[in-house]
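Asker: what's the 3D shape of this:
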Amino acid sequence: MRPGRRAGSAGPPPPAASARFPDAPPVTADSGRGVSPAAAARRAGVSVEGPSETTRRLRPIPAEEPAGKPPAPTPPIPTPPSASPSVTPSVERPFVSFAQPETYDDSPRPVARRRTRPRTVAAAACVVLGLGLIGGAVTGSWLTGDGADGSGSRSTYAAAADLWHSVPVDELFPPTVQGDGAGPGGADRTWTRIAVAPDTGCKDAFDPLLRKALAPVGCLRLLRATYTDATRSHVTTVGLLFTKADAAAMTSLKARFQKEGLGSRTDLMPRPYAAKGTAAEGFGDAQRASWTVSVLTDAPVVVYAVSGFADGRTVTAPQPAADAMKAGATTAPAQAGLGHEAQGLADRVERGLRKTATSATEKPS
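Answerer: Below you'll find the model as predicted:
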């Protein structure tokens with residue numbers, strides 16, 4: 001009790017039980033006798049639910065699995081259907097395929113075979129055509145008898161055979177021939193033409209032994225001209241013997257000259273052309289001092305030259321040009337430079353012949 005109130009005075013009466021919600025079920029006589037809450041609830045008219053039912057509705061709690069048992073697989077999440085009905089969704093990672101370029105192909109296609117066939121046919125046609133042209137050219141050369149070694153073509157060989165009558169004499173024997181470095185010690189030389197012999201056969205043009213050596217190739221025509229040097233102290237006759245032989249015969253003759261040394265024999269010297277009224281009027285067989293003979297294989301021609309003194313002196317020891325041009329040669333022809341005269345003039349006439357033959361085979365533009 002609070003102080004200030006009398007013990008005997010009574011307070012206001014408590015409110016009726018129905019005037020408020022009870023905080024707990026009223027205590028009955030059975031409350032202290034161990035009555036279960038479920039029984040008390042049934043008496044109060046409240047429906048009783050089992051613990052398991054109430055637990056599932058309010059908050060689903062998965063039951064504890066026994067130790068060691070793997071968890072149940074999680075159900076797959078449904079995937080929205082794609083635009084294509086033929087593709088089946090998969091829970092695994094999708095396989096991505098990149099498109100290949102149009103130019104890439106692991107296997108042959110009919111289109112590629114169709115493209116390759118025209119190329120193969122064209123290549124085969126070119127090969128057949130080329131072989132036909134080559135075979136025709138070879139057959140034609142066999143039928144005509146033309147030929148040449150590796151240094152010239154057959155057409156050049158055939159053209160050279162006609163030069164004795166198809167070109168002017170000035171192209172074969174120029175009026176003036178420059179011999180840069182053709183003299184002893186590399187000195188320059190200049191030769192001037194003083195006479196041209198009429199084109200004739202080979203009768204009496206060579207010594208008997210030389211004529212016999214040249215007989216296998218025959219004699220079609222012989223052209224000759226005589227030159228003098230700038231000092232008019234030396235004279236040289238240069239000749240072009242056009243033969244009737246083919247390239248094989250010319251090659252055989254050249255090999256014989258080289259093997260047997262026919263070009264160095266004094267009994268096989270060519271004869272000079274001594275024109276009356278010129279510086280070479282006294283140039284006879286006894287005045288021959290040095291000479292050279294060249295058998296060509298790219299043309300049916302033998303080029304030769306023979307030199308001597310313009311004053312008509314006799315030479316008792318003639319010497320081949322190749323020997324007279326050697327350093328240290330002491331013979332009269334070598335000391336006078338007559339070996340250089342014969343070799344230098346013959347070389348330049350030979351070059352002019354080849355150049356003219358080549359020009360004759362070129363088509364005019």
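Asker: Now stretch 279-299: average pLDDT?
Answerer: For stretch 279-299, mean pLDDT is 97.
Asker: which stretches of the stretch 251-365 of the chain have low pLDDT?
Answerer: Residue ranges of the stretch 251-365 of the chain with pLDDT under 70: 363-365.
Asker: cool, the stretch 101-250 of the chain as well?
Answerer: Those would be 101-122, 125-154, if you go by pLDDT under 70 across the stretch 101-250 of the chain.
Asker: What ranges does it have for its helices?
Answerer: Secondary structure of the stretch 101-250 of the chain (DSSP state H, counting those that start in this stretch): helices at 110-144, 154-161, 163-166, 169-172, 208-214, 247-260.
Asker: Give me the next element, helix or strand, following the last one.
Answerer: Pointing back at helix 247-260 there. strand 290-295 (DSSP states H and E).
Asker: List the contacts of the residue nearest to A245 when sequence neighbours are not counted.
Answerer: Leaving aside its sequence neighbours, A245 sits nearest to V217 (CB to CB, 6 or more residues apart in numbering; 3.8 Å). No exception for glycine: its C-beta is placed from N, CA and C like everyone else's. Residues in contact with V217 (CB atoms under 8 Å, 6 or more residues apart in numbering) are 243-245, 249-250, 253, 300, 302.
Asker: what do you get if the cut-off is 6 Å, keeping everything else the same?
Answerer: 243, 245, 249, 253 (CB atoms under 6 Å, 6 or more residues apart in numbering).
Asker: so the last one touches V295, yeah?
Answerer: Yes - counting by CB atoms under 6 Å, a contact exists between L253 and V295, whose distance comes to 5.2 Å.
Asker: give me the number of residues near G183?
Answerer: Neighbour count for G183, taken as other CB atoms under 10 Å: 16.
Asker: For S233, see how far away it is.
Answerer: 13 Å (CB to CB, to the nearest Å).
Asker: list the buried ones in stretch 337-357?
Answerer: Residues of stretch 337-357 classed as buried: 337-350, 353-354, 356-357 (neighbour count, 16 or more other CB atoms under 10 Å).
Asker: then that stretch to PDB, C-alphas only?
Answerer: Extracted C-alpha coordinates of stretch 337-357, given in PDB (Å, rounded to 0.1, in the frame of the first residue of the first chain):
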ATOM      1  CA  GLY A 337     105.300  -5.300-137.000                       C
ATOM      2  CA  LEU A 338     104.100  -7.300-140.100                       C
ATOM      3  CA  GLY A 339     102.600  -9.900-137.800                       C
ATOM      4  CA  HIS A 340     100.400  -7.200-136.300                       C
ATOM      5  CA  GLU A 341      99.500  -5.900-139.800                       C
ATOM      6  CA  ALA A 342      98.200  -9.300-141.000                       C
ATOM      7  CA  GLN A 343      96.400 -10.300-137.800                       C
ATOM      8  CA  GLY A 344      94.900  -6.800-137.100                       C
ATOM      9  CA  LEU A 345      93.500  -6.400-140.600                       C
ATOM     10  CA  ALA A 346      92.100 -10.000-140.700                       C
ATOM     11  CA  ASP A 347      90.400  -9.600-137.400                       C
ATOM     12  CA  ARG A 348      88.500  -6.400-138.400                       C
ATOM     13  CA  VAL A 349      87.400  -7.700-141.800                       C
ATOM     14  CA  GLU A 350      86.100 -10.800-140.000                       C
ATOM     15  CA  ARG A 351      84.200  -8.700-137.500                       C
ATOM     16  CA  GLY A 352      82.600  -6.700-140.300                       C
ATOM     17  CA  LEU A 353      81.600  -9.900-142.000                       C
ATOM     18  CA  ARG A 354      79.800 -11.200-138.900                       C
ATOM     19  CA  LYS A 355      78.100  -7.800-138.400                       C
ATOM     20  CA  THR A 356      76.900  -7.700-142.000                       C
ATOM     21  CA  ALA A 357      75.600 -11.300-141.800                       C
END
